[in-house]
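**Student:** One predicted model, sequence on top.
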2 protein chains.
Amino acid sequence: MAEVLGTFEQAVLLAIVHLGADAYGRAILHQVQTSLRRNISAGSVYTTLDRLEARALIASSLADGTPARGGRPRRYYKVAAEGVRALDEAHQIMTALWKSVKWPTNARKVAL
Amino acid sequence: MAEVLGTFEQAVLLAIVHLGADAYGRAILHQVQTSLRRNISAGSVYTTLDRLEARALIASSLADGTPARGGRPRRYYKVAAEGVRALDEAHQIMTALWKSVKWPTNARKVAL
DNA sequence: CGGCCATGTCTACATTGTAGGCATTGACAG
DNA sequence: CTGTCAATGCCTACAATGTAGACATGGCCG
């Protein structure tokens, strides 16, 4: 019943979009850590990827050739049409949510 | 370990900000339903309010006089300093998340 | 050969999301 | 006066999401 994508899910989805053709597990992990500015474990990302795929918001495929380095072949992800829709919906909701309130974007300019 | 406020939590917090002095349970419920554009149960809101208060992000106080209409006295909420900080942090993260990707805001202008 | 690195996967648990039912009590119809 | 209703807060329960950490695999380098 989770009508809307959660924050972490959005971060993962956006990481895939951001990485484009290079969107595989570990790269996504790094991208998410960067965008969220905090340490994330690999499992967190893979679990979320599994769930997003189960919901058909993303699709994955194993790399064909021998993986250049490392045992397991890389699994590449791409955002499905449904995923784009979900992302856009989440974006609209978040935007609308914040637009209705006057919020000084520079509130923490000194605090942090 | 939930480093960042969830979507629903943000909606509730922002509803309180939006309502100002009139921020009591049911009013918050209505505000959240409006901003999120979907039906929410009363319990959902109260549970979230409890949790936010437990984290000291908001504070509540029962209405003093006899409630004008209805059995239980209204409980009014206000966002605490920590809550403002958390909200602002969430806002920054969400903004940064989306800013890094070129996203056509009007993507669904036809679709929906 | 042996440890190291990159990569994906599994299990487990904490936190958040969300529904629906219940209790209380003034107002109002009959 | 009595029953129904509306407004309000609260409690329990469960589903979904967030998140960590251990583990398996197999090239690579010394």
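**Tutor:** Nice, thanks for sending it over. Predicted, not measured: the structure shown is a model, and the values here were computed from it. Numbers count the residues shown, from 1 in each chain, chains lettered A, B, ... in the order given.
**Student:** Look at A:Ala23 and say how many residues are nearby.
**Tutor:** A:Ala23 has 23 neighbouring residues, counting by other Cβ atoms under 10 Å in any protein chain shown. Just so you know, the C-beta spots here come from the backbone N, C-alpha and C atoms, and that holds for glycine as well.
**Student:** got a list of what it touches?
**Tutor:** A:Ala23 makes contact with A:15-16, A:76-78 under the criterion Cβ atoms under 8 Å, 6 or more residues apart in numbering or on different chains.
**Student:** List just the nearest of those residues to DNA strand C.
**Tutor:** A:Tyr76 (7.1 Å; Cβ to the nearest atom of the strand).
**Student:** What strand or helix carries the closest one?
**Tutor:** strand A:75-79 (DSSP states H and E).
**Student:** Skipping its backbone neighbours, what lies nearest A:Gln10 in space?
**Tutor:** Among residues not flanking A:Gln10 along the chain, A:Ala90 sits closest, at 5.5 Å (Cβ to Cβ, 6 or more residues apart in numbering or on different chains).
**Student:** isn't that neighbour right next to A:Phe8, touching?
**Tutor:** No - when contacts are counted by Cβ atoms under 8 Å, A:Ala90 is not listed as touching A:Phe8 (11.6 Å).
**Student:** For the two, work out which one has more neighbours and name it.
**Tutor:** Set A:Ala90 next to A:Phe8 and count neighbours by other Cβ under 10 Å: A:Ala90 wins out with 22 against 19.
**Student:** so where does that one fall, helix or strand?
**Tutor:** A:Ala90 is part of helix A:81-99, with elements assigned from DSSP H and E.
**Student:** which strands and helices sit next to that helix?
**Tutor:** helix A:7-19, helix B:7-19, helix B:25-36, helix B:81-99 (3 or more Cβ pairs under 8 Å, 6 or more residues apart in numbering or on different chains; DSSP states H and E).
**Student:** closest one to DNA strand C among those?
**Tutor:** Among the helices and strands packed on helix A:81-99, helix B:7-19 sits nearest to DNA strand C (Cβ to the nearest atom of the strand), with 3.8 Å.
**Student:** confidence score at the residue nearest to A:Gln10?
**Tutor:** For A:Ala90, the model assigns a pLDDT of 95.
**Student:** Excluding chain neighbours, what is closest to A:Leu5?
**Tutor:** Nearest non-adjacent residue to A:Leu5, counting by Cβ to Cβ, 6+ apart: A:Ala90, 4.2 Å away.
**Student:** From B:Gly6, how far off is the one you found?
**Tutor:** With distances taken as Cβ to Cβ, to the nearest Å, A:Ala90 is found 12 Å from B:Gly6.
**Student:** any idea whether A:Trp103 is helix, strand or coil?
**Tutor:** coil (DSSP: H, G, I helix; E, B strand; the rest coil).
**Student:** need the contact list for it.
**Tutor:** So A:Trp103 contacts B:87-88, B:91 (Cβ under 8 Å, 6+ apart).
**Student:** before we move on, back to that, who's in contact with the residue nearest to A:Gln10?
**Tutor:** Per Cβ under 8 Å, 6+ apart, neighbours of A:Ala90: A:4-5, A:10, B:7.
**Student:** how many neighbours does the residue of chain A found nearest DNA strand D have?
**Tutor:** Among residues of chain A, the one nearest DNA strand D by Cβ to the nearest atom of the strand turns out to be A:Gly43. It sits 1.7 Å away. Per other Cβ under 10 Å, the neighbour tally for A:Gly43 reads 9.
**Student:** Just confirm yes or no for the helix or strand containing it near DNA strand C.
**Tutor:** Assigning secondary structure by DSSP H and E places A:Gly43 in helix A:42-54. Yes - interface with DNA strand C: helix A:42-54 contributes A:42-43, A:46-47, A:50 (Cβ under 7 Å from any atom of the strand).
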